[in-house]
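K.L.:
A structural model of the following input is requested.
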Amino acid sequence: MQAYDWPVRFKLLYEKALQQYREGHRDSETLFDAGERRFLESIGARPIEVYDYVEDAAGIDWGTALLITAVRRDYFLVVQGGVASSRRLSMTDFPAKDAELDGIPWLPRLILKAKLRLRGEMPQDMMYCCGGDRRFLQQYNIHPADFLRFTWSVDGDEAKTLENVRGQS
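P.N.:
Next up is the predicted model:
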């Protein structure tokens, strides 16, 4: 894939979506034309993800959106060979918001969200780095993109993730 300029192209789409959102556009499926959608697909991204970033722009800055997308793009190209997963979990497949891993609430949910974000399998109505995720990650001083990269590096191992969150790795 020749994509030296992919971050520039991604930022243009982000800015377009942000402007449309500010003008009242609320349908992620009609934000982008066919060529723009093909570009997003080529980096393992979906229109809903860009929409989610602009909808939560007060809590997710452009740099964070880019870094999260870069991790997903790397995983998509390296692990998935540029082939998108057709699998999508449903909202009911997730641990409850108050579910705990070794006494840490939200962590089971966040681990699953990170695994699915890496693979591009998030449900349409759920986002990685939502307000709850951000509160958790801020509490433990972990950047959302770093959490994704760590999840990838340990292949989603919950015990290693628990050690990392506690600052033991």
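K.L.:
which non-adjacent residue is nearest the residue nearest to the spatial centre of the chain?
P.N.:
Centroid-nearest residue in the chain, with CA atoms, centre = their mean: residue 128, separated by 4.3 Å. Excluding its sequence neighbours, the residue lying closest to residue 128 (CB to CB, 6 or more residues apart in numbering) is residue 117, at 3.8 Å. Glycine gets a C-beta too; all of them are placed from N, C-alpha and C.
K.L.:
quick check: next helix or strand after whichever strand or helix holds the one you found?
P.N.:
Under the criterion of DSSP states H and E, residue 117 resides in helix 107-119. Later in the chain than helix 107-119, the nearest helix or strand by DSSP H and E is helix 131-139.
K.L.:
C-terminal to that next one, what's the next element?
P.N.:
Defined by DSSP H and E, the subsequent element after helix 131-139 is helix 144-153.
K.L.:
same question for that next one, mean pLDDT?
P.N.:
For helix 144-153, the mean per-residue pLDDT is 98.
K.L.:
ok, and for the next helix or strand after it, which residues are buried?
P.N.:
Counting by DSSP H and E, the next helix or strand C-terminal to helix 144-153 is helix 158-165. Neighbour-count burial for helix 158-165, counted by 16 or more other CB atoms under 10 Å, picks out 160, 161, 162, 164, 165.
K.L.:
same question, stretch 89-108
P.N.:
89, 94, 95, 101, 104, 105, 106, 107, 108.
K.L.:
any idea how far residue 47 lies from residue 100?
P.N.:
34 Å (CB to CB, to the nearest Å).
K.L.:
likewise residue 142?
P.N.:
17 Å.
K.L.:
also residue 83?
P.N.:
35 Å.
K.L.:
ok, now residue 61?
P.N.:
Taking CB to CB, one finds residue 61 at 30 Å from residue 100.
K.L.:
number of residues surrounding residue 143?
P.N.:
15 (other CB atoms under 10 Å).
K.L.:
who are the contact partners of it?
P.N.:
64, 67, 137 (CB atoms under 8 Å, 6 or more residues apart in numbering).
K.L.:
phi and psi next, for it.
P.N.:
For residue 143, the backbone dihedrals (degrees, to the nearest 10) come out as phi -70, psi 140.
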